[in-house]
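Student: Test case, fold it:
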Amino acid sequence: MSTKRSHVVQHPVPIGNQPVRVLETQMLKWFESKFPDFKCEIAKIVNAGGASRIIDYNCDEVPILGTAGRYRTPYITEDGKICIHETFLSYVWALSYSIMVIFDEEFHGPRTGQQPGHGKEIGEFLQFGYDVLEYGLYLRRSYKRWPNSLPNPDPNWYRGDDTYYPQRANGIYVAAVDFILCHELGHAACGHLKKDAEARSKGKFIPSYEIKEGEIEADAWALERVIRGVKHSPENKETVGFGAIAGLACLLFLRKDLTSRTHPDTDSRIRAVLERLGEEKIKNLWGIAATYYVAWSHASSAGLDFGVEFDTYGDFVDHIERQLSEIKFCEEKRRFTFD
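Tutor: Reported below is the predicted structural model:
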């Protein structure tokens, strides 16, 4: 598959205006080559008329929030073309970087005494983590170019002290976009596009529960493919897992509510990734998930209680999810009352 600049047929490579543009080639290579037969699988889906070979890469310098309150998140069109927006990709990279730094420098390092791989004192780059997080969240409703002072994926753009974390964040970002692209392609592979087109041609209404079932099915299709990639390259398991979590957890910060009529709950989707990967609760990926929840709670003023002792990161996630369940119950009750 290939990308094209939105509304422009010819483009230089890499395309784009933001630092994430330097990862375009790596992103597509990972997506197509995650395991030996995947490129053939893509070709079969395309040849069957389910998907386009073109990924529409929109480079407009605008915030993620678009008109009518709709976010510019990835989607697949009726004719099977996957559309992604560069500002959203910058947001994904920013959150991938910041959550990794905060986990290493504020949670895991102090808790275990484990020295981060950069060789400096624990906490050395923590402020960078929070600064990049602030910039990423800013992109939701406003737009400004990436500050030169902040770490970013382009080594020719950023020449600061932190090179360790940007390199790691690049791999996580590529894995996150891979999961997102697989999810969108999954809609085509599972026949959702044809089914939806047929319903609309007959003037039929598509119930929200069917849309939600389709999202769950696309998640499962995507997860199966990225896990096959892990089996082919087991050394990438943590990066792939972090990427899948990142691809889902970034949605937390874009929604007012944790529940949705048309999409499964994000925390349930994240747990499905962790359990499908077979991650023991002592593993760091559970801690990564917990760090996303902590950041979300602070950003949304949800007021979750984190003052609890826990034996494993999985136990910490369990504690957080119990509180999320209470919030979701109140959301559903409020929605039912207004309906």
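Student: which residues sit against the helix or strand hosting Cys83?
Tutor: Secondary structure assignment for Cys83, by DSSP states H and E: strand 82-85. Surrounding strand 82-85, the residues in contact under the criterion C-beta atoms under 8 Å, 6 or more residues apart in numbering are 51-52, 55-58, 60, 64, 72-77, 177, 180-181, 184-185. Heads up, the C-betas are built off the backbone N, CA and C, glycines and all.
Student: Just the buried ones out of those, please.
Tutor: By neighbour count, with 16 or more other C-beta atoms under 10 Å, the contacts of strand 82-85 hold 51-52, 55-58, 64, 72-74, 76, 177, 180-181, 184-185 as buried.
Student: And the contacts of stretch 296-314?
Tutor: The contact list for stretch 296-314, computed with C-beta under 8 Å, 6+ apart, reads 137, 249, 252-253, 274, 279-287, 289-290, 293-294, 316, 319-320, 323-324, 327.
Student: Could you list the alpha-carbon positions for it in PDB?
Tutor: What follows is stretch 296-314, C-alpha atoms only, in PDB (Å, rounded to 0.1, in the frame of the first residue of the first chain):
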ATOM      1  CA  TRP A 296      -6.300  10.500  31.500                       C
ATOM      2  CA  SER A 297      -7.600  11.000  35.000                       C
ATOM      3  CA  HIS A 298      -5.500  14.100  35.500                       C
ATOM      4  CA  ALA A 299      -6.400  15.500  32.000                       C
ATOM      5  CA  SER A 300     -10.100  14.900  32.400                       C
ATOM      6  CA  SER A 301     -10.300  15.700  36.200                       C
ATOM      7  CA  ALA A 302     -11.900  12.300  36.700                       C
ATOM      8  CA  GLY A 303     -10.500  12.100  40.200                       C
ATOM      9  CA  LEU A 304      -9.500   8.400  40.200                       C
ATOM     10  CA  ASP A 305      -7.900   7.200  43.400                       C
ATOM     11  CA  PHE A 306      -4.400   6.000  42.900                       C
ATOM     12  CA  GLY A 307      -3.300   5.900  46.600                       C
ATOM     13  CA  VAL A 308      -3.300   2.100  46.800                       C
ATOM     14  CA  GLU A 309      -0.500  -0.400  47.400                       C
ATOM     15  CA  PHE A 310      -0.300  -3.100  44.700                       C
ATOM     16  CA  ASP A 311       1.800  -6.200  44.200                       C
ATOM     17  CA  THR A 312       1.700  -6.100  40.400                       C
ATOM     18  CA  TYR A 313       0.800  -3.600  37.700                       C
ATOM     19  CA  GLY A 314      -2.000  -5.900  36.800                       C
END
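Student: What residues sit buried inside it?
Tutor: So, applying 16+ other C-beta under 10 Å, buried residues of stretch 296-314: 296-297, 304, 310, 313-314.
Student: How about stretch 270-284?
Tutor: By neighbour count on 16+ other C-beta under 10 Å, the buried set for stretch 270-284 is 270-274, 276-277, 279, 281, 283-284.
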